[in-house]
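*Asks:* Turn this into a model:
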Amino acid sequence: MAAAKSSCYAALLLLGRSSTSFIQGTRAFSASTRLFGKTSQSTMTATVTPPVPRREEDRVVYAGVAPEGWDPKMPRQSNDSKEKLLDPPVAIPDPYGWLRDDKWESEEILEYLKKENDYSKSVTGHLEELQGELYQEFLSSIQETDYSTPRPRGDYWYYTRTFEGQSYRVYCRAPKTSESFKVDWDGTKEAPVLPGEEAYLDVNALAKDKSYCSVGGVKTSPSKKLIAYSVDYSGDEKYELHVKNLETGEDVALAEVGSEKLLEVDGVVWGKDDETLYYVTMDEQHRPFRLFQRKNWKNESPTDTMLKEDLDDLFWCGVYKSLDERFIFFESASKETSEIWYLDLGQEEGTATEMKCVAPRRDKVLYEVEHAHGQWFVWTNVDKSPNMKLMTAPAEPDSADNWKLVEDASGNPIFDGSLAKSLDSVTVLKTHIIIQGREGGIPRVWTYNIETKAIKRLEFDEAAYDVGLLAHYETDATHVAVAYDSMITPTSSIEISLEDDSQRKVLKSKVVPGYDKEMYGCDRLEVLSRDGTTKIPISVVYSKDTFAKVEAGERVPVHLYGYGSYGSCCEADFDSTRLPLLKRGMIYVVAHIRGGGEMGRQWYEEPNGGKYLCKTNTFNDFVDVARFLTSKWTTPDMLSCEGRSAGGLLIGAALNQAPELFRVAILGVPFVDVACTMTDSTIPLTSGEWTGRKYPSCWLTGGLHDPRVAYWEPAKFTATLRHANPDNENPVCMKLDLSAGHFSASDRYKYYRELAYDFSFLLDQLKLVG
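*Replies:* Next up, the predicted model:
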């Protein structure tokens, strides 16, 4: 997120108290100033008066060049940045800057956050019955005791299970006695899904007596006797690394060499044997940046060797292993440039100098790589193609000059990087290449026969859907397995023959108790943007009874969801948590706005996407969709909106541009303090002014331990909205989870309770209660 923030605004952020007095830090405040501007009742559940945090009117953030005498050690934009800085710097008011506490130790701040939670409870106190109803509806639409589709790897089938009453999954495997499996399971907790089932990692046991538990990657060792896994117990995404012996049950938490401090990692893979691990560590800004090799990990004195590091804070790093298990790859990438280094596992006894580069980084050239058949398979935007092209080269270092396009039997490139279709990932098997990408705004899967050079797109019946590969661990596969769903079709796992894609077998279908597909409908529409040329796709799902009212000329409530950042896509997928809204007469709309990647990388990149100086396209598209909806199906008093993280930035900007369009907004862990932009009407990002406008009811959420969108962003936004609109009768509430991070509750039952809380506020403000 840090790199993305700096890419949105080419500015140096300097924290200060006034235009002439700079400070180094963000927590300076007067202890004598009282926390609340006015006294509130001691029992918040008995009042609807929101807490009022104090304002430091002379506190500012400076954006622009560093002033004379500024300490060069202070965080700032790179000295060799090519972006022009504001000169002289601009002072941006930051009266609530004191709310920032990186260590979560300030009693004053914690007291304030708790009072915000109390206020939110008081506003929704009359909705407890509705919250209970919603929670039960969420639970009734899932099969609590269930399993994931088994996938083959070596001598085992691997899958996970969930059990009624247990919050977390259990990792399981069963012996593979044939190339296919048959589930003969009676649906009970006690019965195995497959014969010989072994539960090798129970996350419920890890989470015992913990308020939060999130397991990262779980990697099986080459012998299949060990697993390496990472786990986060706070929500701050600092994952400690463990190795578990599956034969003895012994679980070892690894420590830093020469220290008792537990080893925190961002990613881990096994080497060629059970003695060697490769892991990535993070810097002080929580950025993955170093790759280590650990030999003899179980010894009291293991050996750590740093293989590679990237000190450029725009580049985030990761480690992965080729599907054929020949190479370890270290990838370093920004949003515009990437570089990949590799280590041949046949020569891993050497030193760090043995890591070689697939192709040195070139400005604004992205590439990814896989190894198979003695070649690099590279997908890249080299030569400024709008989308990624598929190329191959000999598996040698510095191979860029030898990259050649992969062609079909007629000599035409199968992916040339043009606007027609985009390429996202490549899986290379012995006989076929499986390609995932997008065409016509829909996720697609293609199969390419390496021998005949025939390429074919897998087709499905519905007009709009979501499809993607399941996990594939074996290169000699004769079938490909995909997960398929749509806005009205629950997820199915489908096995498809690589030789004849008409030969299909449903491996597993998601059970949604009480769901009748025939009661619902979905559409894929396009909305013309204000520029008069761009067509914004939207995916729509509804109860047929509700849409019949629309067709009869009646206006109905609509919920609009969006994201539009980082080239990420919002898919037309199935989500059972939408059903309570649909059953209460709402239409649910997903806006596939610019800034995402739904229409290919051009939907994200300049000059016409939603990145850098084009970011306003993201906000304009969302508002344009809202105007379309209010002109066709609903009214502003019946329109709600929602976004999470960078989607919260979207909602904040949309409310600032057109608050009159919405009745209620949900901003989940919202990134809304971009250089204090969202709290300052003079910054170009925001189109309107804070005062003199009636803002809709707002429900903001956050996590105290969130490392991506810090808790003070929703806190400052909440306080600023209230301060600028003191006479606005629409409530502005913030609910902060004091034990979670960016991704909300890790406990699935707690997650549903929190979601019921959110939806109860939304339904109440739309007058859909009772």
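
*Asks:* lowest-pLDDT helix or strand in this protein?
*Replies:* Across the helices and strands of the chain, the lowest-confidence element by mean pLDDT, DSSP states H and E is strand 13-16, at a mean of 30.

*Asks:* quick one: the nearest residue to Ala372 once chain neighbours are set aside and Gly411, what's the gap?
*Replies:* Nearest residue to Ala372, sequence neighbours excluded (Cβ to Cβ, 6 or more residues apart in numbering): Val428, at 3.7 Å. Yep, even glycine has a C-beta here, placed from its N, CA and C like the rest. Computed as Cβ to Cβ, to the nearest Å, the Val428 to Gly411 distance reads 21 Å.

*Asks:* Looking at those two now, which is surrounded by more residues?
*Replies:* A direct count of neighbours by other Cβ atoms under 10 Å for Val428 and Gly411 places Val428 higher, at 22 against 8.

*Asks:* Could you measure from that one over to Glu331?
*Replies:* Taken as Cβ to Cβ, the span from Val428 to Glu331 is 17 Å.

*Asks:* for Leu345, same thing?
*Replies:* 17 Å.

*Asks:* buried stuff in stretch 697-713?
*Replies:* By neighbour count on 16 or more other Cβ atoms under 10 Å, the buried set for stretch 697-713 is 697-713.

*Asks:* Mind checking which of those residues land in strands?
*Replies:* 697-703 (DSSP state E).

*Asks:* how about JSON lines for the residues you listed, with pLDDT and distance to Leu201 added?
*Replies:* Formatted as JSON lines, those follow (pLDDT from 0 to 100; distance: Cβ to Cβ, whole Å):
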{"residue": "Ser697", "pLDDT": "97", "distance to Leu201": "43"}
{"residue": "Cys698", "pLDDT": "96", "distance to Leu201": "40"}
{"residue": "Trp699", "pLDDT": "95", "distance to Leu201": "36"}
{"residue": "Leu700", "pLDDT": "94", "distance to Leu201": "35"}
{"residue": "Thr701", "pLDDT": "91", "distance to Leu201": "30"}
{"residue": "Gly702", "pLDDT": "89", "distance to Leu201": "30"}
{"residue": "Gly703", "pLDDT": "84", "distance to Leu201": "25"}
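
*Asks:* from the residues you listed, which single one is nearest Arg161?
*Replies:* When those are compared for distance to Arg161 (Cβ to Cβ), Gly703 wins out at 27.4 Å.

*Asks:* What residues are bridge-paired with the closest one?
*Replies:* Counting by DSSP bridges, Gly703 is bridged to Asp737.

*Asks:* could we number from 32 for the rest of this?
*Replies:* In the new numbering, first residue 32, that becomes Gly734.

*Asks:* doesn't Ala741 make contact with it?
*Replies:* No. Look at Gly734 against Ala741 with Cβ atoms under 8 Å: they stay out of range, at 9.3 Å.

*Asks:* Now do the contacts for Val476.
*Replies:* Contacts here follow Cβ atoms under 8 Å, 6 or more residues apart in numbering; on that basis Val476 touches 465-467, 488-489, 498-500, 511, 513.

*Asks:* Now restrict those to buried residues only.
*Replies:* 465-467, 489, 498-499, 511, 513.

*Asks:* what's the span of stretch 762-779, first residue to last?
*Replies:* 28 Å (Cα to Cα, to the nearest Å).

*Asks:* Just give me how far that stretch sits from the chain centre.
*Replies:* 16 Å (Cα atoms, centre = their mean, to the nearest Å).

*Asks:* swap in stretch 461-478?
*Replies:* That offset, for stretch 461-478, works out to 22 Å (Cα atoms, centre = their mean).

*Asks:* Identify each buried residue in that stretch, please.
*Replies:* 462-469, 472-478.

*Asks:* Now the two most distant members of these.
*Replies:* Thr462 and Gly472 (30.3 Å).

*Asks:* picking up where we left off before, so which of the ones in strands among the buried residues of stretch 728-744 comes closest to Lys292?
*Replies:* So of those, ranked by how close each gets to Lys292 (Cβ to Cβ), first place is Gly734, at 24.3 Å.

*Asks:* Any idea how many residues pack against Ser171?
*Replies:* Neighbour count for Ser171, taken as other Cβ under 10 Å: 15.

*Asks:* Might one say that it is in contact with Val542?
*Replies:* No. Taking contacts as Cβ under 8 Å, Ser171 lies outside contact range of Val542: 11.8 Å.

*Asks:* Is Ala685 in a helix, a strand, or coil?
*Replies:* Ala685 falls in the helix class when you classify it by DSSP: H, G, I helix; E, B strand; the rest coil.

*Asks:* Tell me, how many residues neighbour it?
*Replies:* 26.

*Asks:* go on, the one 4 residues further on?
*Replies:* Using other Cβ under 10 Å, Ala689 is surrounded by 20 other residues.

*Asks:* Might one say that it is in contact with Ala657?
*Replies:* Yes. Between Ala689 and Ala657 a contact is recorded at 6.9 Å, counting by Cβ under 8 Å.

*Asks:* overlap in contacts of those two?
*Replies:* By Cβ under 8 Å, 6+ apart, no residue touches both Ala689 and Ala657.

*Asks:* which residues pair with Val513 across the strands?
*Replies:* Beta bridges link Val513 to Leu500, Ile525, judged by DSSP bridges.

*Asks:* Can you name the residues that contact the residue nearest to Arg393 when sequence neighbours are not counted?
*Replies:* Nearest residue to Arg393, sequence neighbours excluded (Cβ to Cβ, 6+ apart): Thr368, at 7.0 Å. Counting by Cβ under 8 Å, 6+ apart, Thr368 touches 346, 392-397.

*Asks:* What's the mean pLDDT across stretch 252-260?
*Replies:* The average pLDDT for stretch 252-260 rounds to 97.

*Asks:* should've said stretch 695-703
*Replies:* 86.

*Asks:* and Pro762, how far is that from Leu731?
*Replies:* 11 Å.

*Asks:* got the residue ranges for the strands in the stretch 682-801 of the chain?
*Replies:* 695-699, 728-734, 763-768 (DSSP state E, counting those that start in this stretch).

*Asks:* Specify the local secondary structure of Thr649.
*Replies:* Thr649 ends up helix, using three-state DSSP.

*Asks:* ok, back up a step: take the strands of the stretch 682-801 of the chain and lay them out in JSON lines including distance to Lys275.
*Replies:* Shown next, in JSON lines, are these (distance: least, Cβ to Cβ, whole Å):
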{"stretch": "strand 695-699", "distance to Lys275": "34"}
{"stretch": "strand 728-734", "distance to Lys275": "28"}
{"stretch": "strand 763-768", "distance to Lys275": "29"}
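
*Asks:* neighbours of Lys152, just the number please.
*Replies:* Neighbours of Lys152 (other Cβ under 10 Å): 16.

*Asks:* Mutual contacts of Pro762 and Leu731, please.
*Replies:* Here Pro762 and Leu731 have no joint contacts, going by Cβ under 8 Å, 6+ apart.

*Asks:* does the residue lying closest to Trp664 once chain neighbours are set aside count as helix, strand or coil?
*Replies:* Counting by Cβ to Cβ, 6+ apart, Trp664 lies nearest to Val581, which is 5.2 Å off, once chain neighbours are set aside. Under three-state DSSP, Val581 falls in the helix class.

*Asks:* Now stretch 455-470: average pLDDT?
*Replies:* pLDDT averaged over stretch 455-470 gives 98.

*Asks:* Go ahead and confirm Phe360 touches Cys348.
*Replies:* No. Phe360 is beyond contact range of Cys348, at 10.7 Å (criterion: Cβ under 8 Å).

*Asks:* Could you list the low-confidence segments of the stretch 332-481 of the chain?
*Replies:* For the stretch 332-481 of the chain, the stretches flagged by pLDDT under 70 are 379-384.

*Asks:* Over to the stretch 582-731 of the chain?
*Replies:* For the stretch 582-731 of the chain (pLDDT under 70), the answer is 703-723.

*Asks:* all helices of the stretch 582-731 of the chain, in order?
*Replies:* Using DSSP state H, counting those that start in this stretch, the helices of the stretch 582-731 of the chain run over 610-614, 647-663, 677-688.
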